[in-house]
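# my questions concern the predicted model and sequence given below.
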Amino acid sequence: MVKKTFWKGFIIGGVTFILMATFGYHKFIKSPDILLSQLELKDLKGNDIELTKYIGKPLVVNYWATWCAPCLKEFPYFEDVKKRFGNDINFVMISDESIEKITSFSNSKPYSFNFLKSSKKLSEYGINEMTALPTTYFYDMQGNLIAKHTSALNVESLIELIERIN
């Protein structure tokens, strides 16, 4: 009886894991609303940065980490879309890793984003690093949060979300 119950639980757990992996665990994650004024950020030289300075153009804010494979997979898509929109949209990539680690990554890649370091852990903003990276927020030109997306984006999804803020 104990073996049968164990295997039944094991199978149900396994099926649940496969379904969540296949259909996207990210659909069950609720990302918090984050105001631009809440963020405590530094540029890669250690200077304080206020994201409110980007008000006037739509803003895409991506929370990521150098160890996050889905984050790294979507960066070429962000670069492609950034080139398509030119200077009409601002893109900011925020990590809570060390400035040295972010700078090393930035210097080794051909991306033209503004890489910033969060002074707080992303979890302090409500972004769970183990289940919610990458997470991308979309703000209109007045700095209002319009949309957010948890999990990697492709070019089509990214363009569709940007069109909502542009």
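Structure's in. What do you need?
# tell me, how many residues neighbour residue 145?
If you count neighbours by other C-beta atoms under 10 Å, residue 145 ends up with 16. Where you see a C-beta, it was placed from the backbone N, CA and C, and this is true even at glycine.
# look up how far residue 73 lies from it.
25 Å (C-beta to C-beta, to the nearest Å).
# the residue nearest to residue 98 when sequence neighbours are not counted bridge partners, please.
Closest residue in space to residue 98, ignoring its immediate chain neighbours: residue 117 at 7.5 Å, by C-beta to C-beta, 6 or more residues apart in numbering. When bridges are called by DSSP bridges, residue 117 pairs up with residue 42, residue 95.
# now do the contacts for the closest residue to residue 165 other than its chain neighbours.
Excluding its sequence neighbours, the residue lying closest to residue 165 (C-beta to C-beta, 6+ apart) is residue 58, at 4.1 Å. By C-beta atoms under 8 Å, 6 or more residues apart in numbering, the contact list for residue 58 reads 88-90, 138-141, 162, 165-166.
# rerun at 10 Å
Going by C-beta atoms under 10 Å, 6 or more residues apart in numbering, residue 58 touches 85, 88-91, 138-143, 146, 162-166.
# same question for residue 83.
Residue 83 makes contact with residue 112 under the criterion C-beta under 10 Å, 6+ apart.
# from residue 110, how far out is the most centrally placed residue in the chain?
In the chain, the residue lying closest to the centroid (C-alpha atoms, centre = their mean) is residue 135, at 2.7 Å. Using C-beta to C-beta, one gets 23 Å for the distance from residue 135 to residue 110.
# assess the claim that residue 88 and residue 81 are in contact.
No. Using C-beta atoms under 10 Å, residue 88 is not in contact with residue 81; the gap is 11.1 Å.
# settle it for me: which of the two has more neighbours?
residue 81 (21 against 12).
# isn't that one up against residue 112?
No. Taking C-beta under 10 Å as the definition, residue 81 is not a contact partner of residue 112, at 11.7 Å.
# shared neighbours of those two, anything?
residue 91.
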